[in-house]
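# make a model of this:
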Amino acid sequence: MCGHLSGALNQAYLALYNGAPVGYLLTQIISEEGEIFLVGVTPSNRGQRIAETLIQFFLRDAASCMLEVRVSNVSAIRLYRRMGFEQIGTRARYYRTESGFEDALLFRMK
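Coordinates of the predicted model:
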């Protein structure tokens, strides 16, 4: 089951299993341009395509979509590429880490 909440520009999607939250997606759409801010799935429910389902649900309302992801988040990068997102750039030293900084990869789907 997927729930949907929306404000003026921001939208939140929540995936439930037996009434308990198992995944979420935080987004925004401006002039049909979607942006994904956060995607999360509980550790015990990963690998079940919950994130993919949430993203597909969101993409029904967006003509195109952008997102960024840490270079170290290999499973998310694999998901985005499998879904048809293309890497369009890099933001060097974008995320702060305990040992310094980490780059962000920028992805877009049309």
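# I'd say residue 95 and residue 105 touch.
No - using CB atoms under 8 Å, residue 95 is not in contact with residue 105, being 10.9 Å away. All C-beta spots, glycine's among them, are computed from the backbone N, C-alpha and C.
# quick one: the strands in this structure?
2-6, 10-17, 20-30, 33-41, 64-70, 86-97, 100-109 (DSSP state E).
# so for residue 95 and residue 105, which sits in the more crowded spot?
More crowded of residue 95 and residue 105, by other CB atoms under 10 Å: residue 105, with 20 against 16.
# show me the contacts for the more buried one.
Going by CB atoms under 8 Å, 6 or more residues apart in numbering, residue 105 touches 68, 69, 70, 71, 77, 87, 89, 90.
# what about dumping the CA coordinates of stretch 15-29 to CSV?
Extracted as CSV, the C-alpha positions of stretch 15-29 are listed here (Å, rounded to 0.1, in the frame of the first residue of the first chain):
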residue,chain,number,x,y,z
ALA,A,15,4.8,2.4,1.8
LEU,A,16,3.0,0.3,4.4
TYR,A,17,3.1,-3.4,5.0
ASN,A,18,0.5,-4.8,7.4
GLY,A,19,-0.1,-1.2,8.6
ALA,A,20,3.6,-0.6,9.4
PRO,A,21,5.8,1.8,7.4
VAL,A,22,8.4,0.1,5.3
GLY,A,23,9.5,2.9,3.0
TYR,A,24,9.2,6.6,2.2
LEU,A,25,9.9,9.0,-0.6
LEU,A,26,10.1,12.8,-0.2
THR,A,27,9.7,14.8,-3.5
GLN,A,28,8.8,18.1,-5.1
ILE,A,29,7.2,19.0,-8.4
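# for it, which outside residues touch it?
Stretch 15-29 has contacts (CB under 8 Å, 6+ apart) with 1-3, 9-14, 34-42, 45, 50-51, 53-55, 57-58, 61-62.
# and those, which of them are buried?
With burial judged by 16 or more other CB atoms under 10 Å, the buried subset of the contacts of stretch 15-29 is 11, 13, 34-36, 39-41, 45, 50-51, 54-55, 58, 62.
# in the chain, which helix or strand is least confident?
Each helix and strand of the chain was given a mean pLDDT (mean pLDDT, DSSP states H and E); the minimum falls on strand 2-6 at a mean of 55.
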